[in-house]
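A.B. asks: what's the 3D shape of this:
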Amino acid sequence: AAAAYYRQLKRRTVRPPSPPPSPVSDDSVLIDFGDGDAPTPSEWTQLLFGAPSLRGWLFLRSALYWGFMLFWWVALARMPLGDATTIVYVCPVFTAAFAWRFLGESVGAIFAVVFALDAAGVLLITQPSFASVATLTGHASTSYAVGVAASLASAVLAGAMPVCTRRSKAASWTAVNHVSAALSSFVFTPLAIAVWWATDADAPEQMKAGFEALHQSDQWLLLLAASVTGFIGLGLQTLGYQRVESASRAAVLSVLEIPFAYMLQGLLFHEGLEPLGIAGTALVTGASLLNLCVGRPRARTKKRECI
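C.D. replies: Okay, here's the model as predicted:
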């Protein structure tokens, strides 16, 4: 892992020309070992924490990511999976708004067409139960309303993350992921647990029950698989947002997760799609292809600093 970090650093660093050898003494000659040199402490700091000028954006993105995961799990616990997925995928709208405000991106009419196709496709695939008035009545209405609010909150936070990634694109992807993991593990989560224990008398028992559930071997394997795939996905997403010219267009591509998830559903759980679901998958895929084929949006100004 250290070698991979260092190679990544060398690719992002322009090496200065070597100074001419001193004729006074052989001991004063600086020997250049090339890529085999050991990284300096400052280089490790840049790789793991980014440049000082970018750490504010890295901190903000880490906080947004942790909040997104929190609200997303709350939503999944209180409402059907299809409904939660449908609501959270309005995040490209927020990405476009944030990108217009902070990145100076111009959102053209084609984005509205793409989003309309995506929205129609998502509705056809998930066939959300919140379209029915009967869902909002009865004993579970309060829990469902909390789930809807949590889904909307996760959509807003997910929409803001690409903007932070674009603003910190000079930082290595290793710094983005390392800062996010470190702050989540040692700052945000411990603070959340402390608040939970201080406000809920049943918190210790609930946490104990959660750890006891992990005693099953398959639960550990599933947790490991979720952690590994989540890290890989986050790294690829970071690299993607750092290299695209439009955060709003890239955000729309994330809806490809829905038809891909339904494909895995059929392969792993043998649950087929209904005709409406197939039509919705076609709409989402077509919208993403349209998003790739349209011209690149131009910035509103040539140079714009984020306030």
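
A.B. asks: Check the gap between the residue nearest to the spatial centre of the chain and Trp73 for me.
C.D. replies: With distances taken as CA atoms, centre = their mean, Leu234 lies nearest the centre of the chain, 5.6 Å away. Plainly put, Leu234 is 16 Å away from Trp73 if you go by CB to CB, to the nearest Å. Every residue, glycine included, has its C-beta placed from N, CA and C.

A.B. asks: if we look at stretch 63-81, which residues are touching it?
C.D. replies: Contacts of stretch 63-81 with the rest of the structure, by CB atoms under 8 Å, 6 or more residues apart in numbering, involve 84, 87-88, 128-129, 143-144, 146-148, 150-151, 153-154, 157-158, 160-161, 164, 180, 183-184, 188-189, 192, 234.

A.B. asks: list the contacts for Thr285?
C.D. replies: Leu256, Pro259.

A.B. asks: now whichever helix or strand it is part of: how far from the chain's centre is it?
C.D. replies: When elements are assigned from DSSP states H and E, Thr285 belongs to helix 275-293. Chain-centre distance of helix 275-293: 22 Å, with CA atoms, centre = their mean, to the nearest Å.

A.B. asks: And stretch 69-78, by the same measure?
C.D. replies: Relative to its parent chain, stretch 69-78 has a centroid offset of 15 Å by CA atoms, centre = their mean.

A.B. asks: And for stretch 40-50?
C.D. replies: The answer for stretch 40-50 is 23 Å, by CA atoms, centre = their mean.

A.B. asks: quick one: average pLDDT of that stretch?
C.D. replies: Stretch 40-50 shows a mean pLDDT of 86 in the predicted model.

A.B. asks: got it, and stretch 256-266?
C.D. replies: Stretch 256-266 comes out at a mean pLDDT of 72.

A.B. asks: for Val90, phi and psi?
C.D. replies: Main-chain torsions, Val90, degrees, to the nearest 10: phi -90, psi 0.

A.B. asks: ugh, wrong one, I meant Ala158
C.D. replies: The phi/psi pair for Ala158 (degrees, to the nearest 10) is phi -60, psi -30.

A.B. asks: List the residues that contact it.
C.D. replies: Contact analysis of Ala158 by CB under 8 Å, 6+ apart lists Leu64, Phe68, Val88, Cys91, Phe94, Thr95.

A.B. asks: If we use 6 Å, what do you get?
C.D. replies: For Ala158, the contact set (CB atoms under 6 Å, 6 or more residues apart in numbering) comprises Phe68, Cys91.

A.B. asks: Check Cys91 too.
C.D. replies: Ala155, Ala158, Gly159.

A.B. asks: What's the separation between it and Leu64?
C.D. replies: Per CB to CB, Cys91 is found 11 Å from Leu64.

A.B. asks: Equivalent analysis for Asp83, please.
C.D. replies: 23 Å.

A.B. asks: With Ser151 instead?
C.D. replies: Counting by CB to CB - Ser151 and Leu64 are separated by 16 Å.

A.B. asks: So these two - more neighbours on which side?
C.D. replies: Legend: neighbour count by other CB atoms under 10 Å for Ser151 and Leu64, higher for Ser151 (25 against 21).

A.B. asks: surely that one meets Thr86?
C.D. replies: No: under the criterion of CB atoms under 6 Å, Ser151 makes no contact with Thr86, lying 8.2 Å away.
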